[in-house]
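K.L.:
sequence and predicted structure are below.
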Amino acid sequence: MKVYKQKPGIGSFYLILMTVILNFALLFISMFIESYMINLFGLVSLICIDIYQMYYIVISFTTRYIVNEDSVTINTFFYLRNIKISMKDIIELRHEENKIDGMVLDGYGMKKFAFGIIYIENIGATRAYISNFENVLLIKTTKGNFAISPIDIGGICDDISIEGSKKVEDKKVSPLYKDKFFLAPFISASFLIIVLMIIPLLLGMKDNYALNSMPLSFNERFEPIKWGTYTQFAVNQISYGLITAGILLCMFLTSNVYSKYDRKSCYKYIYLPLIVAVVLLFMQIQILSIYYF
């Protein structure tokens, strides 16, 4: 077994700098916003961004390449995550230098580094663990493509054996609307949007429909700063539901486009309307529990 370290690059420092700037920018902006809803969305966005950033920061610092007699393993997260590539599945090794033409489907990079999933012309979707584009090894296999950047690229090429010709099996890809990993968040978001719009309508049919007033907007301490009738409140909530439904439709179409290049990279888009629906429903329940019941 041989362990190869990745070639140092600027990727890790770029990701850390971007994370720090985003955090300071969002926190600074929140100081001048007196809207509870906007601040809540900002907080949720910041948490999601930090989780996303930390995932790639850890990958950029911890990636190692391990070569055994029968496999190549891309190791990340302090040996907790291993992507194993069997030698018998490897079709081709290609040594590339400098920039690779392509586009990022998920992750970061394409100029000096790349972590995530990238689409390379004439290669296809490729899982990238590239800390430095000066020396990149593309590994084409029957089960997918990988891109790595070891310090000793010559040594790792010598240790990888390619035996005989192999045929890439055509995988039957089910339509996106039949994919359970896509359907679960899509159906959940759709259900929450319906609930978001139905609850105000159902409550409005009760005897206490004609309440004197309901809060329509709040400051950062969740104190009402604008009041209106229950009808206005219900219209606001239904409007939020319709806007979220529009976001869901846009993300559905976006996911369909990205699924043509790589199925896994399209999943994240459908979680955006789900997060928006959860936050809006949480706010609605808060308001109703305090000012209605």
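P.N.:
Alright, I've got the coordinates. Residues are numbered from 1 along each chain as shown.
K.L.:
make it CA atoms for all contacts and neighbour counts henceforth
P.N.:
OK.
K.L.:
contacts only, for the nearest residue to Glu69 once chain neighbours are set aside.
P.N.:
Leaving aside its sequence neighbours, Glu69 sits nearest to Met1 (C-alpha to C-alpha, 6 or more residues apart in numbering; 7.3 Å). Residues near Met1 by C-alpha atoms under 8 Å, 6 or more residues apart in numbering: Ile66, Val67, Asn68, Glu69.
K.L.:
just those residues: which are in helices?
P.N.:
Residues of the contacts of Met1 located in helices (DSSP state H): none.
K.L.:
in ChimeraX, select just the buried ones from these.
P.N.:
To isolate the buried ones among those in ChimeraX, judged by 16 or more other C-alpha atoms under 10 Å, type:
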select :66,67
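K.L.:
name the nearest of the contacts of Met1 relative to Lys180.
P.N.:
Comparing these against Lys180 with C-alpha to C-alpha places Ile66 closest, at 33.1 Å.
K.L.:
got a list of contacts for stretch 87-101?
P.N.:
Contacts of stretch 87-101 (C-alpha under 8 Å, 6+ apart): 70-72, 110-112, 120-121, 133-143, 157, 160-163, 165-166.
K.L.:
give me that answer again for 7 Å
P.N.:
For stretch 87-101, contacts defined as C-alpha atoms under 7 Å, 6 or more residues apart in numbering pick out 70-72, 110-111, 120-121, 133-142, 161-163, 166.
K.L.:
can you name every helix or strand that the longest helix along the chain contacts?
P.N.:
Ordering each helix of the chain by length in residues (DSSP H) puts helix 230-259 first. Secondary-structure packing of helix 230-259 (3 or more C-alpha pairs under 7 Å, 6 or more residues apart in numbering; DSSP states H and E): helix 180-204, strand 214-218, helix 267-291.
K.L.:
relative to helix 230-259, how tilted is the shortest one?
P.N.:
Interaxial angle, strand 214-218 versus helix 230-259 (axes from the mean of the first three to the mean of the last three C-alpha atoms, to 10 degrees): 50 degrees.
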